[in-house]
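J.: Got a predicted model here, sequence first, then my questions.
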Amino acid sequence: MSQNELATYAERASQTKGRRFFEPPSRTRTAFARDRDRIIHATAFRRLKEKTQVFVAHEGDHYRTRLTHSLEVAQIARSLAHALRLDDDLAETIALAHDLGHPPFAHAGEDELVVQMADYGGFDHNVQSFRVVTELENRYPQFEGLNLSWETVEGVIKHNGPVSHRLDEPAWSVVRPYRQGGEADWDLRLGTFASLEAQCAAIADDIAYNNHDVDDGVQAGLFTLADLAEVPLIGPMVAQVRRDWPAIDDRMLRIEAVRRMIGVMVEDVLAETARRLEDDRIVTTEDVRTASRTLVDFSRPMHADLAILRRFLFERMYRHYRVNRTRSQARRVLSQLFALFMAEPEVMPPEWGAPALTEDRTRRARAVCDYIAGMTDRYAIEVHQKLFSLDLALDL
């Protein structure tokens, strides 16, 4: 979509607030497309291919990983942005970046790092994603991080809404310099909403995980299509597909029902967002940031149906004994690695171990946490086996 076709409240790459460290514009890409490409080439993005969504990445080839989840979120975010006449490059870029800071083993990994870092400044995967793009990725000689556009960085840290109320939390201390008058000298307006493009990425995350968790849960045998009959959203879709295709097999029934559920949720968001934009008289990007509420959202009935679906998934999938076993193993792996690295930072690779060789335990813990948070599931398991196996490992 050309810049002239965008809505008045859309972000425009030609009017970006720029990068923290000046760089000449790209000759071949808009500022937001350039950001997207930098994220795709980032080491943290590649590692998402073997980070858990729900199932540990090596448990099966067909289950979602953090990488495939991020790609699905990006596709939905881009479609929403296009339909709303927004900058779809920006929406896609923020979606691709939103989980860069997620540790291995999904929420079990995050829960364990929260526990381990409780006395050392805390841990939050959204803040970790922010640190990845502003500090931890090391690919350019001129600066730390990826030096992304203001609008992209704002979307990474604020896609779920204003965050100024969180700045007193220890884990969010690294974001404090990015407020008005802060040491970073780059005000991200932390008390306002992010762009509509960022809000598209946030709602796309909800759409993607609710749908693919249904798909993966059925494939894994944690529940059946029959179990979904009375569950809002997916139950009616299953019944509808059966009416349309009486002889359909269960595999195709599952795929078609999930596809239709995504469509229903997308249409609900588009209708509700159009209503809010009109009711709140949104005309400019400044109207978006100073609005009294999120503008890209589900309708109230859809929120109610999603709450029931999420309860079903929580009871039948996220807390299924097979998933609980994986969560238990994952937390033990990370807790033992954390304790060992805190006691013996010299066993970490030099790029991580060197910053940890300090008597300041908070700084040491942060270096240990950054190393662990960047691990894939497979790498965390391999490192744990090498360091804790009773057999002498000659390839340490």
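T.: The structure has been received and is ready for your questions.
J.: switch to C-alpha atoms for all contacts and neighbour counts from now on
T.: OK.
J.: Work out which residue lies at the spatial centre of the chain.
T.: In the chain, the residue lying closest to the centroid (CA atoms, centre = their mean) is D99, at 2.8 Å.
J.: H69 is in contact with that one, correct?
T.: No: judged on CA atoms under 8 Å, D99 makes no contact with H69 at a distance of 9.2 Å.
J.: how near is T8 to Q116?
T.: In this view, T8 and Q116 are 46 Å apart by CA to CA, to the nearest Å.
J.: Between those two, which is the more surrounded one?
T.: Between T8 and Q116, counting by other CA atoms under 10 Å, Q116 is the more crowded of the two (19 against 14).
J.: Report pLDDT for the more buried one.
T.: We have a pLDDT of 98 for Q116.
J.: got a list of what it touches?
T.: Contact analysis of Q116 by CA atoms under 8 Å, 6 or more residues apart in numbering lists 335, 338.
J.: make it 10 Å
T.: Q116 is in contact with 110, 122-123, 334-335, 338-339, 365, 369, counting by CA atoms under 10 Å, 6 or more residues apart in numbering.
J.: repeat for S149
T.: By CA under 10 Å, 6+ apart, the residues touching S149 are 13, 16-21, 31-32, 34-35, 90, 155.
J.: Show me which pair in these is furthest apart.
T.: Checked with CA to CA, these reach their widest spread between F21 and L90, with 19.3 Å between them.
J.: Between these two, tell me which one has more neighbours.
T.: More neighbours surround L90 than the other of F21 and L90, with 34 against 11 (other CA under 10 Å).
J.: how many neighbours does the residue nearest to that one when sequence neighbours are not counted have?
T.: The spatially closest residue to L90, leaving aside those adjacent along the chain, is F32, at 5.3 Å (CA to CA, 6 or more residues apart in numbering). By other CA under 10 Å, the residues close to F32 number 27.
J.: Among the contacts of Q116, the buried ones, what's the PyMOL command?
T.: Buried residues within the contacts of Q116, by 16 or more other CA atoms under 10 Å, are selected in PyMOL with:
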select buried, resi 110+122+123+334+338+365+369
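J.: if I look at the residue nearest to the centre of the chain, how far off is D279?
T.: Counting by CA to CA, the gap from D99 to D279 is 32 Å.
J.: so who does H212 touch?
T.: Residues in contact with H212 (CA under 10 Å, 6+ apart) are 53, 63-64, 69, 72, 218, 255, 258-259, 262.
J.: you'd agree the residue nearest to L90 is in a helix?
T.: Yes: under DSSP: H, G, I helix; E, B strand; the rest coil, F32 falls within a helix.
J.: Verify the stated contact: it with I94.
T.: Yes: counting by CA atoms under 10 Å, F32 touches I94, with 9.5 Å between them.
J.: Find residues that contact each of these two.
T.: Counting by CA under 10 Å, 6+ apart, the residues touching both F32 and I94 are 151-152.
J.: pLDDT score assigned to M1?
T.: M1 is assigned a predicted lDDT (pLDDT) of 65.
J.: Kindly report the same for L390.
T.: 69.
J.: Then K49?
T.: pLDDT for K49: 92.
J.: Would you mind pulling up the elements that the longest helix along the chain packs against?
T.: Counting by DSSP state H, the longest helix found in the chain is helix 250-279. Packed against helix 250-279, as judged by 3 or more CA pairs under 10 Å, 6 or more residues apart in numbering; DSSP states H and E, are the following elements: helix 66-83, helix 196-219, helix 234-244, helix 300-313.
J.: Can you say which of these is nearest to P141?
T.: Per CA to CA, nearest to P141 of the helices and strands packed on helix 250-279: helix 66-83, 27.0 Å.
J.: which other helices and strands contact the closest one?
T.: Counting contacts by 3+ CA pairs under 10 Å, 6+ apart, helix 66-83 packs against helix 43-47, helix 88-97, helix 196-219, helix 250-279.
J.: Just name the most buried of those.
T.: Comparing those on average neighbours per residue, with mean count of other CA atoms under 10 Å, the densest one is helix 88-97 at a mean of 30.
J.: any idea how far the next helix or strand after the longest helix of the chain is from the chain center?
T.: Per DSSP states H and E, the first helix or strand lying C-terminal to helix 250-279 is helix 285-289. For helix 285-289, the separation from the chain centroid amounts to 24 Å (computed by CA atoms, centre = their mean, to the nearest Å).
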